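**Q** the sequence and its predicted three-dimensional model are supplied below.
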Amino acid sequence: MKVVIFCGGLGARLREETEFRPKPMVEIGGKPILWHIMKIYAYYGFRDFVLCLGYKGEMIKEYFYNYEILNSDFTIELGNQKHIETHSNHTEKGWRVTLADTGDRALKGARLKRVQKYIDGDQFMVTYGDGIADIDINALLIFHNSHGKLATVTGVNPASRFGELKITGNQVESFSEKPRTGPGLINSGFFVFNRGIFDYLSVDDNCDLEIGPLEKIASEGQLMVYRHIGFWACMDTIRDMEYLNRLWDESRAEWKVW
């Protein structure tokens, strides 16, 4: 089953980093967040990826084109540069990565429609290039197949951006660094779609995914939510980047299921 990852946005709220590289290439623990997302899917056996590129997409192409060299020891015969022997030091075996230029300005619906030609099979998965979770992908697929609808979105209770203090008078009774918010769920990505989703999309740059297509699918009773109660985080700001790197450095990266 193919895994489509949106990698084309401008990442304006993370401008300190995205001025120089696309948002999915912003690093956690020395690896792009895109790599972390792919590792989650690969852990569950899904290693066939389609990356929807846009803003600075050439950097993502270069990263994967040179992946073996960048992540392995290698021997090169000087004077014969075509003869390079790699001594693989990484565990990303069997990954198949299709890198598709879907336009600098296209919205997500258009990006998805433009990679339709790379999607075979009746089902595929889609997620954003800036969100990570300790989600059980197999459980997500079981849920999707259980309801028989066109689409599944993963809903989460996001952690608050600020620590929560419970106080009595002036005394702090408890402190929660990143508490879960109220009962409402938000869209975290980690979609499963049946192929019929393409009937709701167009290649027009202004075709979005959430506004329009998913709204229509929901109104038709064809959108279900998979409730994920574990860890989820989105790298949207410098503060988010620093927080996720701190979790990684402190060996508290809950999304590291591999």
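**A** Perfect, I can see it now.
**Q** got a list of what residue 50 touches?
**A** 2, 3, 4, 5, 98, 100, 115, 118, 119 (Cβ atoms under 8 Å, 6 or more residues apart in numbering). (C-beta placed from N, C-alpha, C; glycine too.)
**Q** try residue 131
**A** Taking Cβ under 8 Å, 6+ apart, we find residue 131 in contact with 37, 188, 189, 190, 232, 233, 234, 235.
**Q** what's the distance between it and residue 253?
**A** Residue 131 is 14 Å from residue 253, where distance means Cβ to Cβ, to the nearest Å.
**Q** check residue 244 too.
**A** Residue 244 is 8 Å from residue 253, by Cβ to Cβ.
**Q** so what sits against both of the two?
**A** By Cβ under 8 Å, 6+ apart, the residues touching both residue 244 and residue 253 are residue 28.
**Q** quick one on the thing from earlier: of all the contacts of residue 131, which comes closest to residue 224?
**A** Taking Cβ to Cβ as the measure, residue 224 lies nearest residue 190 of those, at 12.8 Å.
**Q** hmm, residue 100 is touching residue 114, no?
**A** Yes: Residue 100 lies in contact with residue 114 (Cβ atoms under 8 Å); the separation is 6.9 Å.
**Q** please identify every residue contacting each of these two.
**A** Common contact partners of residue 100 and residue 114 (Cβ under 8 Å, 6+ apart): residue 52.
**Q** so how do I select the buried members of the contacts of residue 50 in PyMOL?
**A** Burial among the contacts of residue 50 is assessed by 16 or more other Cβ atoms under 10 Å; the matching PyMOL selection reads:
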select buried, resi 2+3+4+5+98+100+115+119
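**Q** out of the contacts of residue 50, which are inside strands?
**A** 2, 3, 4, 5, 98, 100 (DSSP state E).
**Q** give the contact list for the last one.
**A** When contacts are counted by Cβ under 8 Å, 6+ apart, residue 100 touches 50, 51, 52, 53, 114, 115, 118.
**Q** what helix or strand is the second one located in?
**A** In this case it means residue 51. Counting by DSSP states H and E, the element that carries residue 51 is strand 48-53.
**Q** let me see the ranges of the helices in the stretch 51-200 of the chain.
**A** 57-65, 67-70, 108-114, 137-147 (DSSP state H, counting those that start in this stretch).
**Q** I'd like those as JSON lines, with mean neighbour count and mean pLDDT appended.
**A** Output for the helices of the stretch 51-200 of the chain, formatted as JSON lines (neighbours: other Cβ atoms under 10 Å; pLDDT from 0 to 100):
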{"stretch": "helix 57-65", "mean neighbour count": "17", "mean pLDDT": "96"}
{"stretch": "helix 67-70", "mean neighbour count": "14", "mean pLDDT": "89"}
{"stretch": "helix 108-114", "mean neighbour count": "24", "mean pLDDT": "98"}
{"stretch": "helix 137-147", "mean neighbour count": "15", "mean pLDDT": "97"}
